[in-house]
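In: How does the following fold in three dimensions:
(chains A and B)
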Amino acid sequence: MTIEDWLKAACDDAERRGLPELKPLLESLARSLAGLREADRLIDRGHGKS
Amino acid sequence: MSLALSIEEVAARVRSRAISPVELVHGCLDRIESRLELNAFITVMADSAVSAAEGAEREIAAGHYRGPLHGIPISVKDLVDVAGTPTTSGSAVAPRLPAEDAPIVVRLRDAGAIIIGKTNLHEFAFGTTSEESAFGPVHHPKDPSRSPGGSSGGAAVALIEGMCFGSVGTDTGGSIRIPSAVCGTVGLKPTYAELPCDGIVPLSTTLDHVGPMARSVADVALMFEAMSGQSQPLRVVGQERKYIFGVPEPYFCDRLHPEVRLALDQTRHALVAAGHEVRRVVIEHAARTADVYLHIVLPEASWYHAPMLSSDPDRYSPGVRLRLEMGRYVLAEDYVRAMHLRNVLRVAVNEALQNCDVLLLPAQPIPAPELGATTVEVDGSREPVRTAMLRLTQLFNITGHPAIALPAGTTDDGWPVGIQLVGQSGTTSQLLQVAATVERYSTGGDGSVGGGTG
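Out: The predicted model follows:
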């Protein structure tokens, strides 16, 4: 799932559950998720070397 | 009254019967009563503490002295089960009503410690300022508009105000070390799983630690000994051998309050002047710490709270509830990514420690923040308070390495500043020995009782 798709689905669900105030937190989490996935892509899975 | 004494000092007087445990308990209870506005305690166990003190007094008089914690008043963070008292976790969510002590409390009682009460905290330990609590925010004794740090904020306040001689805290991202740094006390996060977290409300089961807080390294060591159930006394004296300290400058020294940077530099210079070596080290991938931490702590916290979030969502503080709700959206594959990167970070810390005995770094990038502040200026730029306060501590929850915060002086305005030492996994006792040495050279607070009251 792309980060964009994840963020849209999460925000839509939060809205549906009556938690629109979650949206800015989810947007912040999406930025962190981008960092996490970038690190996962750059760092060798076997040895931890970038 | 001798409430300003260290555990080591007061224990000698208890043993010689120059001071009665009953006197100590009444003295601590008076201190608690005199500063109720600080909200340091949620439950004060006056009757049971006096009763236990009377029992200790009888035992000691009969020649059955158990050791340096015998008859000493200790507080316990209200995330930890103490039989017969509610475990509120600082929340309006229905408390646990434990019939048994947590193992850590059993061990402290076995060592003769007297549990004087349960300290206030950031709700469910999910915050760094101790202001989101159903029992009111914990206030810094030096200025009630400031936070004492968190989540074990009540524990640190209880220590500097002489309401107890030692405290039990918990640390998932820095919750022992943060308030210790902000209040000028000493706090130890042991190696992961070294002390049992059974009987403690979890925040994030693979990041949670429990540990001691006190006014000196020696006192923390005494508590750690008891909490470990060790039979061999752990005496830290600050050995004369020369240590190699590694300062991880990239990331950990990038953005600091100028007076925090100054305190670190002064400690470095004092250690070098004393014949120790201080060298620069690098922890590879440290800049990834926050992303990894967030994708572990959020889903793990949400897992535990899922039933209460469904049944009693409005009982949570709004901010804590939203953070817990956020975790419900983390994908499984991203949690696994974070767990993989956790191993990478663990290797990176191990590699940094290959070139030194311990890591030396600040414990907090800022002094005590204002209560209610959402952002804070650090070295010319603003960032969320929570992000700033977790930045220097959370890596060692991810990796499990033992870490201790200790005082390193104050700002010009008198706000405590703390440094942090990090050791190899499984070497917590050795870390305490190094900390006892550093304590002699750091320009630190004296942990004096009432010193923060101005």
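In: List the buried residues for the helix or strand B:R31 falls within?
Out: Per DSSP states H and E, B:R31 falls inside helix B:21-34. Neighbour counts over helix B:21-34 (16 or more other CB atoms under 10 Å in any protein chain shown) mark B:P21, B:V22, B:L24, B:V25, B:H26, B:G27, B:C28, B:L29, B:R31, B:I32 as buried. Using the backbone N, CA and C atoms, a C-beta is placed for each residue, glycine as well.
In: which of the residues you listed are close to chain A?
Out: Among these, no residue sits close to chain A (CB under 8 Å from any CB of the partner chain).
In: Mind putting those into JSON lines with distance to B:V186?
Out: Converted to JSON lines, the buried residues of helix B:21-34 look like this (distance: CB to CB, whole Å):
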{"residue": "B:P21", "distance to B:V186": "23"}
{"residue": "B:V22", "distance to B:V186": "27"}
{"residue": "B:L24", "distance to B:V186": "20"}
{"residue": "B:V25", "distance to B:V186": "23"}
{"residue": "B:H26", "distance to B:V186": "26"}
{"residue": "B:G27", "distance to B:V186": "21"}
{"residue": "B:C28", "distance to B:V186": "19"}
{"residue": "B:L29", "distance to B:V186": "24"}
{"residue": "B:R31", "distance to B:V186": "19"}
{"residue": "B:I32", "distance to B:V186": "21"}
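In: Now do B:A134 against chain A, distance only.
Out: Going from B:A134 to chain A by CB to the nearest CB, to the nearest Å gives 20 Å.
In: Excluding sequence neighbours, find me the nearest residue to that residue.
Out: B:A92 (4.1 Å; CB to CB, 6 or more residues apart in numbering or on different chains).
In: picking up where we left off before, okay if I get the buried residues of helix B:21-34 as CSV plus distance to B:C253 and pLDDT?
Out: Below are the buried residues of helix B:21-34 laid out as CSV (distance: CB to CB, whole Å; pLDDT from 0 to 100):
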residue, distance to B:C253, pLDDT
B:P21, 45, 98
B:V22, 48, 98
B:L24, 41, 98
B:V25, 44, 98
B:H26, 46, 98
B:G27, 41, 97
B:C28, 39, 98
B:L29, 43, 98
B:R31, 37, 98
B:I32, 39, 98
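In: which one of these is nearest chain A?
Out: Minimum distance to chain A across the buried residues of helix B:21-34 is 36.7 Å, recorded for B:I32 (CB to the nearest CB).
In: List the residues that contact the closest one.
Out: B:A40, B:F41, B:V44, B:I116, B:G117, B:A158, B:M163 (CB atoms under 8 Å, 6 or more residues apart in numbering or on different chains).
In: How about the contacts made by B:S133?
Out: With contacts defined as CB under 8 Å, 6+ apart, the neighbours of B:S133 are B:N39, B:G90, B:S91, B:N120, B:L121, B:H122, B:E123, B:S317.
In: residues touching the residue nearest to B:G426 when sequence neighbours are not counted, list them.
Out: If the residues on either side of it in the chain are set aside, B:G426 comes closest to B:T191, at 5.4 Å by CB to CB, 6+ apart. Contacts for B:T191 were tallied using CB under 8 Å, 6+ apart; they are B:G400, B:H401, B:P402, B:S425, B:G426, B:T427, B:T428.
In: Assign B:T191 to helix, strand or coil.
Out: Under DSSP: H, G, I helix; E, B strand; the rest coil, the three-state class of B:T191 is coil.
In: residue boundaries of the helices in the stretch 301-450 of chain B?
Out: Remark: helices assigned in the stretch 301-450 of chain B by DSSP state H, counting those that start in this stretch are B:318-326, B:332-353, B:385-390, B:395-399, B:428-441.
In: Name the stretch among these that sits most buried.
Out: Greatest average neighbour count among the helices of the stretch 301-450 of chain B goes to helix B:395-399 (a mean of 27), per mean count of other CB atoms under 10 Å in any protein chain shown.
In: Any idea how many residues pack against B:F126?
Out: Close neighbours of B:F126, defined as other CB atoms under 10 Å in any protein chain shown, add up to 30.
In: check contacts around it.
Out: Listed by CB under 8 Å, 6+ apart, the contact partners of B:F126 are B:S151, B:L203, B:A301, B:V320, B:R323, B:L324.
In: For chain A, see how far away it is.
Out: B:F126 sits 13 Å away from chain A, taking CB to the nearest CB as the criterion.
In: Next: B:G418.
Out: Applying CB to the nearest CB to B:G418 and chain A gives a distance of 26 Å.
In: and that residue, how many neighbours does it have?
Out: Residues contacting B:G418 under the criterion other CB under 10 Å number 33.
In: Pairing partners for B:G166 in the sheet, please.
Out: Residues in a beta bridge with B:G166, per DSSP bridges, are B:I74, B:A214.
In: show me the contacts for it.
Out: Counting by CB under 8 Å, 6+ apart, B:G166 touches B:7, B:69, B:72, B:74-75, B:113, B:159, B:212-214, B:219-220, B:222-223.
In: In space, what's closest to residue 29 - neighbours in sequence excluded?
Out: Unless you meant another one, I'm taking chain A. Excluding its sequence neighbours, the residue lying closest to A:L29 (CB to CB, 6+ apart) is B:M326, at 5.9 Å.
In: meant chain B actually
Out: That would be B:A46: by CB to CB, 6+ apart, it lies 5.5 Å from B:L29.
In: again with B:G423
Out: B:L431 (3.5 Å).
In: List the contacts of that neighbour.
Out: Contact analysis of B:L431 by CB under 8 Å, 6+ apart lists B:V358, B:P402, B:A403, B:I404, B:L421, B:V422, B:G423.
In: Burial check on B:S147, number of neighbours?
Out: 29.
In: just the strands in the stretch 201-350 of chain B please.
Out: For the stretch 201-350 of chain B, the strands defined by DSSP state E, counting those that start in this stretch occupy B:209-214, B:244-248, B:277-281.
In: The last one relative to strand B:244-248, how many degrees between them?
Out: What it means is strand B:277-281. Relative orientation of strand B:277-281 versus strand B:244-248 (axes from the mean of the first three to the mean of the last three CA atoms, to 10 degrees): 30 degrees.
In: And strand B:277-281, what does it pack against?
Out: Secondary-structure packing of strand B:277-281 (3 or more CB pairs under 8 Å, 6 or more residues apart in numbering or on different chains; DSSP states H and E): strand B:244-248, helix B:258-273.
In: As TSV, these with mean neighbour count and distance to chain A would be great.
Out: TSV is the format used below for the helices and strands packed on strand B:277-281 (neighbours: other CB atoms under 10 Å in any protein chain shown; distance: least, CB to the nearest CB, whole Å):
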stretch	mean neighbour count	distance to chain A
strand B:244-248	20	17
helix B:258-273	18	25
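In: Tell me which of those lies nearest to B:V182.
Out: Closest to B:V182 of those, according to CB to CB: helix B:258-273, at 11.3 Å.
In: contact partners of the closest one?
Out: Helix B:258-273 is contacted from outside by B:243, B:245, B:247, B:253, B:256, B:278, B:360-362, B:364-367, B:379, B:408-409, B:411-412, B:417, B:419, B:438, B:441-443, using CB under 8 Å, 6+ apart.
In: Counting neighbours, which of these end up buried?
Out: For the contacts of helix B:258-273, buried by 16+ other CB under 10 Å: B:243, B:245, B:247, B:253, B:256, B:278, B:360-362, B:364-367, B:408-409, B:411, B:417, B:419, B:438, B:441-442.
In: Could you pick out the residues of chain A near chain B for me?
Out: Listed as neighbours of chain B in chain A under the rule CB under 8 Å from any CB: A:1, A:6, A:10, A:13-14, A:19, A:21-22, A:25-26, A:29, A:32-33, A:35-37, A:39-40, A:43, A:45, A:48, A:50.
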